[in-house]
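# Have a look at this prediction, sequence included:
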Amino acid sequence: MVNLTVDVSDDQRARLKSVLGPAADLDDVLGYVLLAGAREALAYATGEALFSSITDLRMYRVFRLIEAGLPPGNSEQVVAALFKVPLPTARRLIATAFARYSVELNERIAEEVKGALDKARSASGKKWEISLPAGFIKDAILSTCRASTQSDPTSVKGSVWAFPEETYDFLRSNFDMPARPWTEPIKKQ
């Protein structure tokens, strides 16, 4: 393993902050960018990464950012800001990167899905509400449901979806998660 230190000037930090906006966690994004860049440079040096178009290169860079840990909740905004493209283009870049590098990102997808399932809230009528931001987590969960014989979830409001208890249990099992220790809705205090 090689440890690498990169000096980032105050001017570079300020420029990145102006690109990302005031709400972005600069240190986190900087970490993703530097790790992704180092991995990309190594892939070039070893001949693993050769591109015939700018589109392929962008997709690869998005893949490396996701692989470096860019969280799904703000990945579209960060990709849009870094590549200076509109949000719909950033969404397409991310979706294309997930499709192209699905094998490489499979573990990351499963990790994010498990996180979303663990944050589920018990709702009335033996249902579980899960916040599914647009993108790969939502796609992975909904496509798993559609490919099964389980009851389909329903959109509640915005990014919140309601899953019948048996569908929620199926998803947990499908993603190698233990069953929840309770089956009755949690009483609010």
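Yes, it's here.
# what about the helices in the protein?
10-20, 26-46, 54-67, 75-83, 87-100, 102-118, 136-146, 165-174 (DSSP state H).
# per-domain residue ranges of this structure.
Partitioning the chain according to automatic domain parsing yields domains covering residues 10-100, 110-174.
# a markdown table for the ones you listed, including mean pLDDT, distance to M1 and mean neighbour count?
From N, CA and C alone the C-beta is placed, and that goes for glycine too. Converted to a markdown table, the domains of the chain look like this (pLDDT from 0 to 100; distance: least, CB to CB, whole Å; neighbours: other CB atoms under 10 Å):
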| stretch | mean pLDDT | distance to M1 | mean neighbour count |
| --- | --- | --- | --- |
| domain 10-100 | 91 | 12 | 16 |
| domain 110-174 | 90 | 22 | 16 |
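# Include distance to L4 when you put these into a markdown table, please.
Listed next are those as a markdown table, based on distance: least, CB to CB, whole Å:
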| stretch | distance to L4 |
| --- | --- |
| domain 10-100 | 6 |
| domain 110-174 | 24 |
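# show me the contacts for the residue nearest in space to the middle of the chain.
In the chain, the C-alpha closest to the average C-alpha coordinate belongs to P72, at a distance of 3.0 Å (CA atoms, centre = their mean). Applying CB atoms under 8 Å, 6 or more residues apart in numbering to P72 gives the contacts 112, 133, 135-137.
# what about 10 Å?
Under the criterion of CB atoms under 10 Å, 6 or more residues apart in numbering, the contact list for P72 reads 66, 94, 108-109, 112, 115-116, 132-138.
# for G21, same thing?
If a contact means CB under 10 Å, 6+ apart, then G21 has 77-78, 81 as its contacts.
# 7 Å - rerun?
By CB atoms under 7 Å, 6 or more residues apart in numbering, G21 lies in contact with A81.
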